[in-house]
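Asker: next come a sequence and a model predicted from it.
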Amino acid sequence: MEGTWDEAVRRACRLAERGLGTTSPNPVVGAVLLAPDGQVVGEGWHEQHGGPHAEVMALRDAGERARDATAVVTLEPCRHTGRTGPCTQALIDAGVTRVVVGVADPNPTAGGGAADLRAAGVEVITEPGAAATAAAEHVNRAWLTAVRTGRPHVTLKTASTLDGRVAAADGSSRWITGPDARADVHALRARSDAVLVGGGTLRADDPHLAARGPAVRRQPLRVVLDTGGRIAPDARVLDDSAPTLVVVADDLDAAARERVRSAGAELLALPRDGSGLDLVGLLHALHERGSRAVLVEGGPTLAGAMVARGLVDEVVTYLASALLGAGPSALGPAGITTISEALRLTPFDVTTLGDDVRISARVRRERS
């Protein structure tokens, strides 16, 4: 039976992925119930914040077949009562005899469920194998980052030509990538809680930042860094497609603040940090609002500032099959002056999208 854990955990992870973008500030979780002969008798996932947890959905799916089953879950079952009851008790009541946990819950409020299960006589396996644990960590990386660091998981998205240019020498940039890559960006937005751009990108490109497509179930918060409160009243991010937060300097005068509010956006004032705003403070403020996954779509200046402050956890870059030879690069000054200070990445996915290529990579925290 032990040989099935890797396959079952990965199946649970695929289920958990279906909740990306709709469960924050809760984690995404998937659950698979296996009969004693190894057959799948139930499965479920946490579909939305406030809804039934994955274990409960899987138990409902299995019905009486849950008795004597093994529950394989991506995250340690919760032991506390919030909007829903504790999943540990639901598993015990259903007669589950073994629980396989992909990754332990680091949340002090909900964690510790494994101990409760063992106390009730349920066998608990917390080390299902390195590959299974890595898969469970990966699918829930945004929430785990937020619990462990107190700030959201930050993904830096860039789109450039093969020679690293995000615009031509004359400043034109639409469209560097093709329709398949652009559609993929909308899916990336839909899986995020907040999408962030800087004032330069706001004024140069007038981005909309809302997610579009048939699979979009919830819009991310659109966040604009606009230190001086210069956002145009007809900016596309101010429409009613999605909520918008405009972040200004806390020394901005009252009249300028009122202009922003009158344009229809919520306003957040933060202290200045060097030439820009306090990005650490911004991430903590977004965390307080329930954001666990933040997508940075700003230009080279904002990208460089996020890298310089060590705030990027993941990079998703779209490479267009084109060359420009001149124009701004994807990353501005990032506090890196020599090759030994390079921010190293570990790719985990490379996908072809029409004529373009998407590369997704984790940031390595150690420097060479």
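Answerer: Yep, that arrived. Numbering: from 1, shown residues only.
Asker: can you tell me, leaving aside adjacent residues, what's nearest to Ala167?
Answerer: Ser173 (3.8 Å; C-beta to C-beta, 6 or more residues apart in numbering). In short, each C-beta sits where N, CA and C put it, glycine included.
Asker: sticking with Val223, tell me its helix or strand.
Answerer: Following DSSP states H and E, one finds Val223 within strand 221-225.
Asker: and if you look at Val197?
Answerer: strand 194-198.
Asker: please report phi then psi for Arg344.
Answerer: Backbone geometry at Arg344, expressed as degrees, to the nearest 10, gives phi -90, psi 150.
Asker: am I right that it is in contact with Arg362?
Answerer: No. Look at Arg344 against Arg362 with C-beta atoms under 8 Å: they stay out of range, at 9.8 Å.
Asker: so those two - more neighbours on which side?
Answerer: Per other C-beta atoms under 10 Å, whichever of Arg344 and Arg362 has more neighbours is Arg362, with 15 against 12.
Asker: please tell me how far that one sits from Thr346.
Answerer: Distance from Arg362 to Thr346, counting by C-beta to C-beta, to the nearest Å: 5 Å.
Asker: the helices in the stretch 51-200 of the chain, which residues?
Answerer: 54-62, 87-94, 113-119, 130-139, 141-149, 179-190, 199-205 (DSSP state H, counting those that start in this stretch).
Asker: most tightly packed of the ones you listed?
Answerer: Comparing the helices of the stretch 51-200 of the chain by mean neighbour count (mean count of other C-beta atoms under 10 Å), helix 54-62 comes out on top with a mean of 24.
Asker: show me where the stretch 51-200 of the chain dips below the pLDDT cut-off.
Answerer: 82-84, 110-111 (pLDDT under 70).
Asker: surely Leu302 is in a helix?
Answerer: Yes. Assessed by DSSP: H, G, I helix; E, B strand; the rest coil, Leu302 belongs to a helix.
Asker: excluding residues flanking it in the chain, which one is nearest it?
Answerer: Nearest residue to Leu302, sequence neighbours excluded (C-beta to C-beta, 6+ apart): Gly198, at 3.8 Å.
Asker: same question for Trp143.
Answerer: Pro27 (4.0 Å).
Asker: just to revisit the earlier point, okay, the helices of the stretch 51-200 of the chain in a markdown table with distance to Asp251 next?
Answerer: Converted to a markdown table, the helices of the stretch 51-200 of the chain look like this (distance: least, C-beta to C-beta, whole Å):
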| stretch | distance to Asp251 |
| --- | --- |
| helix 54-62 | 47 |
| helix 87-94 | 48 |
| helix 113-119 | 47 |
| helix 130-139 | 41 |
| helix 141-149 | 28 |
| helix 179-190 | 31 |
| helix 199-205 | 16 |
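Asker: out of those helices, which comes closest to Ala215?
Answerer: For the helices of the stretch 51-200 of the chain, proximity to Ala215 was assessed by C-beta to C-beta; helix 179-190 is nearest, at 6.7 Å.
Asker: how is the protein carved up into domains?
Answerer: In the domain annotation for the chain, the residue ranges read 2-146, 150-363 (automatic domain parsing).
Asker: name every strand pairing with the strand holding Val197 and say which way it goes.
Answerer: Strand 194-198 has these partner strands in its sheet, going by DSSP bridges: strand 221-225 (parallel), strand 293-296 (parallel).
Asker: count of neighbours near the residue nearest to Ala167?
Answerer: For Ser173, using other C-beta under 10 Å, the count is 19.
Asker: winner for burial among the domains of the chain?
Answerer: Highest mean neighbour count among the domains of the chain (mean count of other C-beta under 10 Å): domain 2-146, a mean of 20.
Asker: off-centre distance for that domain?
Answerer: On the basis of C-alpha atoms, centre = their mean, to the nearest Å, domain 2-146 sits 20 Å off its chain's mean C-alpha point.
Asker: for the stretch 201-350 of the chain, what spans make up the helices?
Answerer: Taking DSSP H, counting those that start in this stretch as the test, the helices found in the stretch 201-350 of the chain are 254-262, 279-288, 300-308.
Asker: can you tell me which of these the model trusts least?
Answerer: Looking at the helices of the stretch 201-350 of the chain, the lowest mean pLDDT belongs to helix 254-262 (a mean of 85).
Asker: now do that helix: distance to the chain's middle.
Answerer: Average the C-alpha atoms of helix 254-262, do the same for its chain, and the two points are 31 Å apart (C-alpha atoms, centre = their mean).
Asker: mind saving the C-alpha coords of that helix as CSV?
Answerer: Only the C-alpha atoms of helix 254-262 are listed here, as CSV (Å, rounded to 0.1, in the frame of the first residue of the first chain):
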residue,chain,number,x,y,z
ALA,A,254,-5.3,66.1,1.4
ALA,A,255,-6.4,67.5,-2.0
ALA,A,256,-4.5,64.9,-3.9
ARG,A,257,-5.8,62.1,-1.8
GLU,A,258,-9.3,63.3,-2.4
ARG,A,259,-8.7,63.3,-6.1
VAL,A,260,-7.8,59.6,-5.9
ARG,A,261,-10.9,58.8,-3.8
SER,A,262,-13.2,60.7,-6.0
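Asker: helices or strands up against it?
Answerer: In this structure, helix 254-262 packs against strand 244-249, strand 266-270, with contacts taken as 3 or more C-beta pairs under 8 Å, 6 or more residues apart in numbering; DSSP states H and E.
Asker: tell me the angle that helix makes with strand 266-270.
Answerer: 140 degrees (axes from the mean of the first three to the mean of the last three C-alpha atoms, to 10 degrees).
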